Structures are given as structure tokens and as C-alpha cells.
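Undergrad: need a structure here:
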Amino acid sequence: MTPTPPGTPRLPRTTGHGPSSGSVTDSVTGSGSTSGSGSGSGAVGKRKVAVVGVSLSDCGRVDEATPYALHAQAARRALADSGLGREVVDGLASAGLGTLAPIEVAEYLGLKPCWVDSTSVGGSTWEVMAAHAADAIAAGHANAVLLVYGSTARADIKAGRRTGNLSFGARGPLQFEVPYGHTLVAKYAMAARRHMHQYGTTLEQLASVAVQARANAADNPQAMFRDPITVDDVLSGPMIADPFTKLHCCIRSDGGAAVLLAAEEYVRDCRTDPVWILGTGEHVSHTTMSEWADFTVSPATVSGRLAFERAGLRPDEMDLAEIYDAFTYMTLVTLEDLGFCAKGEGGAFVEKGRLTLNGDLPVNTDGGGLSAQHPGMRGLFLLVEAVRQLRGEAGERQVHKAGGRLPELAVASGTGGWFCSSGTVVLGRG
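TA: I've put the predicted structure just below:
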């Protein structure tokens, strides 16, 4: 551990990752590097943690890049966004690429981190990793942690380098389901049908989620699909897995993303305003469908409660939500489980444009996985979009509060597998 420079005041103790009263220590010099590696600040108690840089790589149809190249492109852009130098990064979180992830990614990026995380729990990986990184930074185990992802899922299938994943394999517990044709899509469809049966949720209500995601994508120049669609368009499409037609399902794209988290003392050297990590939660549920107690309840019911409790905030205080949406039902049930509406009321909640940029609760403001991009484990893209919205950098799709004010609070909630895992992060600016 690098000793604290003589005369440096101690940081205030806090109860969470977000802003607290008291002065902030400036122990960063020049580009933000400390006088050594490791935890560095010598802080007593917990340091506040902020997102200081975010970026996407090229996304959509990227035929000529490798996944490693997309990792590097996203990482360079996120560092440039922060204004900090690469030498500041002493932690790396990555999953989904390489035999020894994230070591191969670190090597490719030219990093030698002293804190790493390769947690891999599906689409919620990045919210879970953000929670781990925030805890590590707050405890002084790292100063700046880079979360980075890249995938050429679409290009690989187009070039014949791989096939589409109908299931996640036939080993372990999955061997008892695969022989019956229980694909990934079918598992989500089965859960959606249960919600429809139990609570009267309609196909039209599910379809409205896709329609509103596309409406939000219309104002995102980086979204793959921007042309408007109607409920009838969704319902009349080719059947994929009853009740899901094609437009109920996410698109397949290429792309990468990166998010840089840093300790509070780095903030004043950053190019952009900080977005603070206010609260996090994570939870795992099942892998075998027979072990899922209730198909209408996702693990977000736990991760969301924990994140809001730790942030000291309520769902109705959020200005926007970024939710993993591989299928329309995911958006609906996650909204319920995060507490935006009661269980069984998600169908009515998502109607009448509530999720659009000008709606009561803007959701997936970039168009989400249903319209913008979905290269695989999309959870990191949720954090990028939430931060851009809070910083007022979303362009034509920027959400505004009454009087034209920028949003102040956002929640990002990722889901992995087939509602197997969930990670939720509450973010705030100022």
C-alpha cells in the first residue's frame, strides 16, 4: 500500500459509495496517477466511488474487427472520456472472452492490474462487477477499475465462425432439460406465459414494450433499428417461441462498452462530472427451471431491494431506468420486481407510452437490446446509457425533468441467464 503523503487530511467516513458531507482529499497528481501501485490513498474508512468515464466501441454491424479490438476501442474511448491516463487503472473487470479472462484482455490492453474480477453470471455480470469494483475502491483495494466488454456475435455468425446459441449446453443440470428442446428463448417464453395466465397480462401489453423501445431508438443515431413499429407489427411477426414473435426478442449485433470507476480523490482531475455509485445489489436464483419457485418473480426483486435500501432511496424517486431487455417480458417483470409497480400490474404499467423519453418513467432510453444493440452480455451498455443521461450527454434522446432540468437519479438493472441472476446499481449525480 502506498503511504499517505505527509499532511494529507484523512477522508471522511461514509456509509455508502456516494457523496457525503466533508472535504475530499486531493491525493492525485498530474494525470491522476499515485506515487505507487495498490490502494494508494491511505484513506481511513470508505471512499466514495464515481463513474468517471464511459464509452461504446463501434456497434451494430462491425464485420472487420475482433472482439479484442472492440475491447481496446471501448477502453481507449472511456479513458479519453474521463481525462485520466491509463497508468491510473489498477483494476480490471472483464468476462466472456479468452481462456483466462480477464488476464488475456488485460494483456491485450497493456494493463497489469492488482485487482481483477471475472465474475460471469450472464447479462447481469456488469452490474455485479460494478458492485464488486465499488466495494474494492471504497475499501482501498483499488483506485480505478475498468469494466470492459466486446463481442462480434453477429459478425461471427455471418462469417460462419459460430452458430446461434439455442441453449447454454448439455452438461450438469442442463442435461435434464436439453433433450426436451427447452431452448433459451423457450424458457423466457414459458415464464411470460405464466405471467399472462396468472395476472391477465396481454400480448398487446408485451408488444407495447417493443414499440416504445423502438420509439426511443428513433432518437439514437447509433441504434441499429430506428424505424417506428406498431403493436400489430409485433403481433404479426414470425413466431419464435410462443408467445414471442420476432420483435419480442432482442436483436443480434456486434459491439463493446467500457466503464471506468474511480475513487473520489480522482474526480477533480477528470474531464467530466462524476456520477456516483449510490447503492448496489446482486442476487442469484436458479439454473434449472424446476428449481425456480415462481416464474413471475425475477431475482431483481432481491437485488433491487438491496440497491435501493443501500442508496437510501425509493424506486419512485428515479428519473429513468435502464433494464436488461433480451425479451419484452424481461422489461415488464423487472419493473415489477424493482418496485415501480405491484406484482401483476406490469402489463398496465407499461401501456400508454409510459416508457418513452417523454413518459412517466423513461426506460431503455437508447432503444435497449430490442432496438439499439445486443452483442451478448449487454449489462455494461445499461450503465453507459444511464451515465450519459445523468450527465446530459444523450443528444436528441436526452431525458429532461420538469422545467428542462437534467435527471438526477437513475437505476440500471441487469439480468443473466433465464432470470438466473440479477445485479442492480443506483446512480446519481451531484
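
Undergrad: least confident secondary structure element in this structure?
TA: Within the chain, no helix or strand scores below helix 153-158, which has a mean of 82 by mean pLDDT, DSSP states H and E.

Undergrad: now for that helix, which elements pack on it?
TA: Packing partners of helix 153-158 (3 or more C-beta pairs under 8 Å, 6 or more residues apart in numbering; DSSP states H and E): none among the helices and strands. (C-beta placed from N, C-alpha, C; glycine too.)

Undergrad: can you give me the strands for the chain?
TA: 49-56, 91-93, 115-117, 144-151, 239-241, 244-245, 255-263, 275-284, 320-323, 409-416, 421-429 (DSSP state E).

Undergrad: how about those, which one is nearest Gly181?
TA: strand 239-241 (10.1 Å; C-beta to C-beta).

Undergrad: and the contacts of the least confident helix or strand of the chain?
TA: Residues outside helix 153-158 that contact it (C-beta atoms under 8 Å, 6 or more residues apart in numbering) are Arg61, Val62, Asp63, Ala65, Arg162, Thr163, Gly164, Arg252, Ser253, Asp254, Pro375, Gly376.

Undergrad: buried residues in it, which are they?
TA: Ala153, Arg154, Ala155, Asp156 (16 or more other C-beta atoms under 10 Å).

Undergrad: can you check stretch 315-327 too?
TA: Buried residues in stretch 315-327 (16+ other C-beta under 10 Å): Pro315, Met318, Asp319, Leu320, Ala321, Glu322, Ile323, Tyr324, Asp325, Ala326, Phe327.

Undergrad: now the strands of the chain in CSV, with mean pLDDT and distance to Leu390?
TA: Shown next, in CSV, are those (pLDDT from 0 to 100; distance: least, C-beta to C-beta, whole Å):
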stretch, mean pLDDT, distance to Leu390
strand 49-56, 98, 9
strand 91-93, 98, 21
strand 115-117, 97, 24
strand 144-151, 95, 17
strand 239-241, 96, 35
strand 244-245, 98, 32
strand 255-263, 96, 13
strand 275-284, 98, 5
strand 320-323, 98, 8
strand 409-416, 98, 6
strand 421-429, 97, 5
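
Undergrad: dump the ones you listed to TSV, plus distance to Lys187.
TA: Formatted as TSV, the strands of the chain follow (distance: least, C-beta to C-beta, whole Å):
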stretch	distance to Lys187
strand 49-56	29
strand 91-93	27
strand 115-117	27
strand 144-151	21
strand 239-241	9
strand 244-245	11
strand 255-263	25
strand 275-284	16
strand 320-323	18
strand 409-416	12
strand 421-429	14
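
Undergrad: dump the residue contacts of the residue lying closest to Ile103 once chain neighbours are set aside.
TA: Leaving aside its sequence neighbours, Ile103 sits nearest to Val116 (C-beta to C-beta, 6 or more residues apart in numbering; 7.5 Å). Contact analysis of Val116 by C-beta under 8 Å, 6+ apart lists Gly91, Leu92, Ala93, Pro102, Ile103, Ala106.

Undergrad: tally of neighbours for the fifth one?
TA: Meaning Ile103. 15 (other C-beta atoms under 10 Å).

Undergrad: distance check, it against Arg391.
TA: Remark: distance between Ile103 and Arg391 (C-beta to C-beta, to the nearest Å) = 32 Å.

Undergrad: now the third one
TA: Distance from Ala93 to Arg391, counting by C-beta to C-beta: 22 Å.

Undergrad: for Arg305, same thing?
TA: From Arg305 to Arg391 the distance is 27 Å (C-beta to C-beta).

Undergrad: again with Cys114
TA: 29 Å.

Undergrad: who has more neighbours, those two?
TA: Each of Cys114 and Arg391 has its neighbours counted (other C-beta under 10 Å); Arg391 has more, 19 against 13.

Undergrad: so what's the more buried one up against?
TA: Thr272, Asp273, Val275, Leu406, Arg429.

Undergrad: now for those residues: which two are most distant?
TA: Thr272 and Leu406 (13.4 Å).

Undergrad: returning to what we had before: show me which of the contacts of helix 153-158 has the smallest pLDDT value.
TA: Lowest pLDDT within these is found at Gly164 (68).

Undergrad: let me know the pLDDT of the spatially most central residue of the chain.
TA: The residue lying closest to the centre of the chain (C-alpha atoms, centre = their mean) is Gly379, at 3.0 Å. Listed pLDDT for Gly379 reads 95.

Undergrad: got it, and the one 10 residues further on?
TA: The predicted local confidence for Gln389 comes out at a pLDDT of 98.

Undergrad: list the contacts of stretch 186-201.
TA: Against stretch 186-201 from outside (C-beta under 8 Å, 6+ apart): 202-203, 206, 240-244, 289, 295-296, 326-330, 332-333, 343-347, 418-419.

Undergrad: low-confidence ranges in the stretch 51-200 of the chain?
TA: Across the stretch 51-200 of the chain, residues meeting the criterion (pLDDT under 70) sit at 164-168.
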